[in-house]
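A.B. asks: how would this look folded up:
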Amino acid sequence: MTPSTVDRDDLDDRAWRRVDRLKANYAGLDGGALLAPLIHREFPGRIAVVSSFGAEAAVLLHLVAEIEPATPVVFLDTGKHFPETLAYREEVTARLGLRDLRIVTPDPLAAAHLDPLGILWRDGPDHCCHLRKVLPLKRALSGFDAWITGRKRYQGDARTGLETVEAADGRIRVNPLARWSSDRVEAAFAASDLPRHPMVEEGYRSIGCATCTRCTAPGEAARAGRWAGLGKSECGIHWPVGPSA
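C.D. replies: Got it, this is the predicted structure:
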């Protein structure tokens, strides 16, 4: 069977079998200890990082840079980001010596057709995320077998039961910080003197598009400022996941 004729179910089955093997081989590992063998041995040249360059992004990117600074880093430029995020992206990339930043934008024809006024986020936030994040990421990951995220269990909602390795859409998805606590993340910032997103000091603990992000109040969950009041907590790039993820 040639790659072009492999169906979706076959790809998903292969991915889940590989997940089982990876979990057995690297049980108990996380952070850089998990990333190093995946980047160098399991998926050489076939793994990428997807980063929002948000509030905690520097921790994951620092780990990756220490292991292999040429690892591709995918940034989804939705056209709706805070200017501070775009500046921070450039600062972190230069500071860590990341050598393959890939800035991915929505398809211009699709955007012109589906969101000609640029206000789809107001009445159709799920559709906006699909146009500006889900579809561009699918295109960006077409040449990779695995990708790395910075998601963590303590961020709550659908992330509470997060595994370090899972399968999604026929690929392996790696969450090396899944089991990390907020204290451990803070310690990593301090230990490596990592630069902070400038908006963290203003009360932004989770930072996405400017149109759909607000500050969080004391006592609120870190991601409470994302799509506040809309009953939405994820943009959609992390779905679907398998039943054991």
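A.B. asks: Which elements pack onto the helix-or-strand element of the chain with minimal mean pLDDT?
C.D. replies: Lowest mean confidence among the helices and strands of the chain (mean pLDDT, DSSP states H and E): helix 8-25, at a mean of 80. Helix 8-25 sits against strand 165-168, strand 171-174, with contacts defined as 3 or more CB pairs under 8 Å, 6 or more residues apart in numbering; DSSP states H and E. To be clear about C-beta, it is placed using only N, CA and C from the backbone, and glycine gets the same treatment.
A.B. asks: any idea of the mean pLDDT in whatever helix or strand comes next after that helix?
C.D. replies: Sequence order places helix 31-37 as the next helix or strand after helix 8-25, per DSSP states H and E. Mean pLDDT, helix 31-37: 98.
A.B. asks: Can you give the contact residues for the helix or strand following helix 31-37?
C.D. replies: Scanning forward in sequence from helix 31-37 by DSSP H and E, the next helix or strand is strand 47-50. Applying CB atoms under 8 Å, 6 or more residues apart in numbering, the contact partners of strand 47-50 are 38-39, 60-61, 64, 71-74, 76, 102, 137, 140-141, 144-149, 174, 237.
A.B. asks: Just the residues contacting the following helix or strand past strand 47-50, thanks.
C.D. replies: Beyond strand 47-50 on the C-terminal side, the first helix or strand identified by DSSP H and E is helix 57-67. Contact with helix 57-67 is made by 31-32, 35-36, 39-40, 49, 51, 71, 73, 92, 96-98, 148-150, 176-177, 185, 188-189, 192, 194-197, as judged by CB under 8 Å, 6+ apart.
A.B. asks: buried set for helix 57-67?
C.D. replies: For helix 57-67, burial by neighbour count (16 or more other CB atoms under 10 Å) applies to A57, A58, V59, L60, L61, H62, L63, V64, A65.
A.B. asks: Distance to Y154 added to the residues you listed, as TSV?
C.D. replies: What follows is these, written out as TSV (distance: CB to CB, whole Å):
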residue	distance to Y154
A57	16
A58	17
V59	13
L60	15
L61	19
H62	19
L63	18
V64	21
A65	24
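A.B. asks: And those residues, which is closest to A24?
C.D. replies: Closest approach between these and A24, by CB to CB: L63, at 22.6 Å.
A.B. asks: Could you list which of the contacts of helix 57-67 belong to helices?
C.D. replies: When DSSP state H is applied, these are split such that G31, G32, L35, A36, V92, L96, V185, A188, F189 fall in helices.
A.B. asks: Show me which parts of stretch 205-220 are buried, residue by residue.
C.D. replies: R205, S206, I207, G208, C209, A210, T211, C212, T213, T216.
A.B. asks: I would like the residues contacting stretch 221-235, please.
C.D. replies: Stretch 221-235 is contacted by residues 55, 125-126, 129, 133-134, 154-158, 182, 204-206, 208, 212-217 when judged by CB under 8 Å, 6+ apart.
A.B. asks: out of those, which are inside helices?
C.D. replies: Those of the contacts of stretch 221-235 lying in helices (DSSP H): P125, D126, C129, S182.
A.B. asks: Please pick the buried ones from the residues you listed.
C.D. replies: Burial by neighbour count, judged by 16+ other CB under 10 Å, picks out P125, D126, C129 from the ones in helices among the contacts of stretch 221-235.
A.B. asks: which ones are touching the nearest residue in space to V50 that is not next to it in sequence?
C.D. replies: Counting by CB to CB, 6 or more residues apart in numbering, V50 lies nearest to V74, which is 4.8 Å off, once chain neighbours are set aside. Neighbouring residues of V74 by CB under 8 Å, 6+ apart: A48, V49, V50, S51, R102, V104, L137, A140, L141, W147.
A.B. asks: Go through those and name the one nearest A24.
C.D. replies: Using CB to CB, W147 comes nearest to A24 of the contacts of V74, at 20.9 Å.
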